[in-house]
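Student: using only what follows, build the 3D model:
(one chain, ligands or ions: 1)
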Amino acid sequence: MISNKNIILGVCGSIAAYKSAILVRVLIKAGANVKVILTPEACNFITPLTLATLSKNPVYTQYFEPETGVWSNHVELGLWADYMIIAPASANTIGKMANGLCDNLLTAVYLSAKCPVYFAPAMDLDMWKHESTQNNIQQLQNFGNTIINPNNGELASGLYGAGRMAEPEQIVVFINHHIQESLPLFGKKILITAGPTYEAIDPVRFIGNHSSGKMGFAIASEMVKLGAEVTLISGPTSEQTTKNIKRIDVVSAAEMLSLCNQYFEQSDIIIMSAAVADYTPIEVAEQKIKKKQEDFSIALKKTVDILANLGQKKKDHQLLIGFALETDNEEANAIEKLNRKNLDLIVLNSLNDEGAGFKKETNKITIFNKDLLKHSFETKSKTEVAKDICNEILKLV
Ligand code: CTP
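Tutor: Numbering: from 1, shown residues only. Okay, the predicted model is just below:
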């Protein structure tokens, strides 16, 4: 969830500041871009050099460098951040944050930031228990900030109880879960088909098509970003799956049908973007067919229309989305398929549009919903098209 995200880590004056070095490492390992701001007191516990080296970014400690007069722009820093984490958050800084005080760079950036803010308190047992601390923490939560609760354990004072800052790994796991839970498709299971199918003629030959699978793979990536649990059933393709997608490779239409049937019932949203073969050889030759005859024909039978088949079984809570690739009478054909296959949405692309079609990096789509409301989009990259399709689906969730 935090991969490629910009994170400001604010570190306050607390013995737990030593853990911020490990926290930076864990965040960087998770793929985040990290900038660290230390309060003046934090510099007594950990050096800026340590955190600058680990974060691969300059560390900010004050509004301006006294020697050079270089100004650290708190508004820019606040706007740069996708997330702000204050760990350790001392009782003093929590109090300032709760009351709008900004006598150092960290608290000024906090006031300027528009992103979600997490804070991991660290303090002695009695400071933690004090009514004023608890009131301030409540106030921060009222502002929409999220607390990462301290652990119980031995404290620097020698006392035992609540107040130990959560461990760096715990903090990152907590934030990952928290972000995921707030995504619009959290808890939704999505089934996507992509790519072509290959129908074997003999051990070396097959009937296939030009589908690259790019569109389905792009939709799968977008769905993961929206928090969904994605299963991608893909025909033969050279496309690579991004993280957190359960990918199952198949070859033939029959295999794709069998896996779709297996995953259908547990799926909330089903998106069939695969270019499934409509016909398959009645018999597959066991040995390679020799070129003895002048003319040669192969007897074919229809494959099962997976989409239509799932449309018949669809329950009220499920959304079924199909594709239509057309060369003529595009809109009429798409609407006919939407109705016949009992779909919630159909995504039409026409081979007559320049930016649409097989193996291209772009696509041009029109989406119809059940009420036949039409939404046409410009030619866009397949990633952008995937976002448009996901947005249309989100309207129905
Ligand atoms: N589809 C499917 N199983 C098939 C054939 C198609 O699930 N055996 C799905 C595709 O994944 C797509 C939609 O049906 O979502 C439309 O496929 P398309 O080939 O355009 O339509 P068909 O219904 O096969 O009609 P035709 O080939 O006659 O245009």
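Student: domains for this protein, by residue range?
Tutor: Taking automatic domain parsing as the reference, the chain has its domains at 6-181, 189-279+300-394.
Student: of the ones you listed, which is nearest residue 288?
Tutor: Across those, residue 288 has its closest neighbour in domain 189-279+300-394 (5.3 Å, Cβ to Cβ). Heads up, the C-betas are built off the backbone N, CA and C, glycines and all.
Student: first to last residue in the closest one, what's the distance?
Tutor: 13 Å (Cα to Cα, to the nearest Å).
Student: do it and the ligand meet at all?
Tutor: Yes - using Cβ under 6 Å from any ligand atom, domain 189-279+300-394 reaches the ligand at 193, 253, 272, 274, 276, 278, 303, 305-307, 322-325, 337.
Student: of all the residues in whichever strand or helix holds residue 53, which ones are buried?
Tutor: Assigned by DSSP states H and E, residue 53 belongs to helix 48-55. Residues 48, 51, 52, 54, 55 are the ones in helix 48-55 that count as buried (16 or more other Cβ atoms under 10 Å).
Student: where along this protein do the helices fall?
Tutor: Assigned by DSSP state H, the chain shows helices spanning 19-29, 48-55, 74-80, 91-99, 105-112, 125-129, 131-142, 168-181, 214-225, 253-264, 306-313, 330-340, 382-394.
Student: neighbours of the nearest residue to residue 203 once chain neighbours are set aside, how many?
Tutor: What sits nearest to residue 203 in space, not counting adjacent residues and going by Cβ to Cβ, 6 or more residues apart in numbering, is residue 288, at 5.9 Å. Using other Cβ atoms under 10 Å, residue 288 is surrounded by 11 other residues.
Student: what does residue 256 give?
Tutor: 26.
Student: what's the closest non-adjacent residue to it?
Tutor: Per Cβ to Cβ, 6+ apart, closest to residue 256 is residue 250, 4.9 Å.
Student: how near is that neighbour to the ligand?
Tutor: 12 Å (Cβ to the nearest ligand atom, to the nearest Å).
Student: same deal with residue 138?
Tutor: Taking Cβ to the nearest ligand atom, one finds residue 138 at 51 Å from the ligand.
Student: isn't the residue nearest to residue 256 up against residue 198?
Tutor: No - with contacts counted by Cβ atoms under 8 Å, residue 250 stays clear of residue 198, the gap being 9.4 Å.
Student: common neighbours of the two, please.
Tutor: Taking Cβ atoms under 8 Å, 6 or more residues apart in numbering as the criterion, residue 250 and residue 198 both touch residue 235.
Student: hang on, the earlier thing: reformat the domains of the chain as CSV; add distance to residue 294.
Tutor: Compiled in CSV, the domains of the chain are given as follows (distance: least, Cβ to Cβ, whole Å):
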stretch, distance to residue 294
domain 6-181, 60
domain 189-279+300-394, 18
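Student: in the stretch 101-250 of the chain, which residue sits closest to the ligand?
Tutor: Residue nearest to the ligand within the stretch 101-250 of the chain: residue 193 (5.9 Å; Cβ to the nearest ligand atom).
Student: re earlier: now the buried residues of helix 48-55 in JSON lines, with distance to residue 342?
Tutor: Output for the buried residues of helix 48-55, formatted as JSON lines (distance: Cβ to Cβ, whole Å):
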{"residue": "48", "distance to residue 342": "62"}
{"residue": "51", "distance to residue 342": "57"}
{"residue": "52", "distance to residue 342": "59"}
{"residue": "54", "distance to residue 342": "55"}
{"residue": "55", "distance to residue 342": "53"}
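Student: which of those sits closest to the ligand?
Tutor: Closest to the ligand, out of all of those and judged by Cβ to the nearest ligand atom, is residue 55, at 46.0 Å.
Student: which residue packs closest to the most centrally placed residue in the chain, ignoring adjacent ones?
Tutor: What sits nearest the mean C-alpha location of the chain, by Cα atoms, centre = their mean, is residue 225, with 1.6 Å. Of all residues not flanking residue 225 in the chain, residue 183 sits nearest, at 7.8 Å (Cβ to Cβ, 6+ apart).
Student: in this structure the one you found contacts residue 226, no?
Tutor: Yes - under the criterion of Cβ under 8 Å, residue 183 makes contact with residue 226 at 5.5 Å.
Student: which of those two has more residues huddled nearby?
Tutor: residue 226 (19 against 15).
Student: hang on, the earlier thing: now do the helix holding residue 53: distance to the chain's middle.
Tutor: Centroid separation between helix 48-55 and its chain, computed with Cα atoms, centre = their mean, to the nearest Å, is 29 Å.
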